[in-house]
Structures are given as structure tokens and as C-alpha cells.
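> Have a look at this fold, sequence not included:
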């Protein structure tokens, strides 16, 4: 029987282990050949983050949210936000030969990126606290602020096509 939390989030334990190993290897500079896997894992993490954020927004849009789902989503978002900086090891950008929408700014301005990642984590922690307190009003405000942090990173650190 599979873990319902893992199944609901779309994360597979094997994928998580492989992703973590690849990111750690790439961070040490030993895994240049693993760039396609790193980019794929990064995309999977962002898809999970997006689905979880949508689930949270759906719940808080209700007059009586399922607080168990809210708590689960808030916890998952906080964990993903904490891990996000590790998804961008050196060499996993556009110049690697792998198609990615990550902007070169991530690697050329690492302090700016780190500051944005900390802001995301801080806002994710605030969402988690509001969810734990079951304060729907505060949760809605904190979730909106979290969404703004996500959007600011998309504008600054995501390469956009000509349609953007």
C-alpha cells in the first residue's frame, strides 16, 4: 500500500531519492552528465509546488475548509520552499545544453536569488503558522503574500519566450 501523502503530492519515493542524489552530486561538480535528470527533477518539484498551492487556494476559498488538507498543503509548501535553492546547482542552466526556463540571473546573481528564496520560505512559514492556528482570515492574507513571492520570482528568474 502506498503512502497517501506521497501519492497525493505526486512525488514518488524513488524519484525523491534520485533527485536528491543528483542534486547533491551536481552541487559537488561531479554530475555534469546528470543535468537532464536535475532539470527534470526541478520541473517535477515546481509542478508539485504549483499543484499544492492550487489545492491550498481551493481549500481556503471555501467557507469551511478541510483543515487536515490545509495543514498538509502548508507543510508540503514549506518543505518545498526550503529545498528550492538546492534545485539550481551550478551548470544546470541554459548553457548546459538542456532546455530549461530558468534564467541565467539565478547563477549570475546568486545573492539576489538567495534573498528571493528566503522571502519565499519566510512567507511559506507564515502560511504554515496560520494553517496550524486555523485562522482562515490570516491564512488567506498569508497565502496571497506567498503567491506574490512566487510571482516575483517568476518575473525575475524565469526565462520567458517571445509570447510573454
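Structure received. These figures come from a predicted structure and were not determined experimentally. Numbering: from 1, shown residues only.

> Strands along the protein, start to end?
In order along the chain, the chain carries no strands (DSSP state E).

> Run through it and note the low-pLDDT ranges.
Scanning the chain for pLDDT under 70 picks out 1-33, 160-164.

> What residues sit buried inside stretch 82-101?
For stretch 82-101, burial by neighbour count (16 or more other CB atoms under 10 Å) applies to 83-89, 91-93, 96, 100. Where you see a C-beta, it was placed from the backbone N, CA and C, and this is true even at glycine.

> from those, which two are the most distant?
Farthest-apart pair in the buried residues of stretch 82-101 is 83 and 96; separation 20.3 Å (CB to CB).

> Name the single longest helix found in this structure.
When the chain is parsed with DSSP state H, its longest helix is helix 35-60.

> Now do the same contact list for residue 123.
Residues in contact with residue 123 (CB atoms under 8 Å, 6 or more residues apart in numbering) are 81, 142, 145-146, 149.

> From these, pick the one nearest residue 36.
Once CB to CB is applied, the member of the contacts of residue 123 that ends up nearest residue 36 is residue 81, at 24.6 Å.
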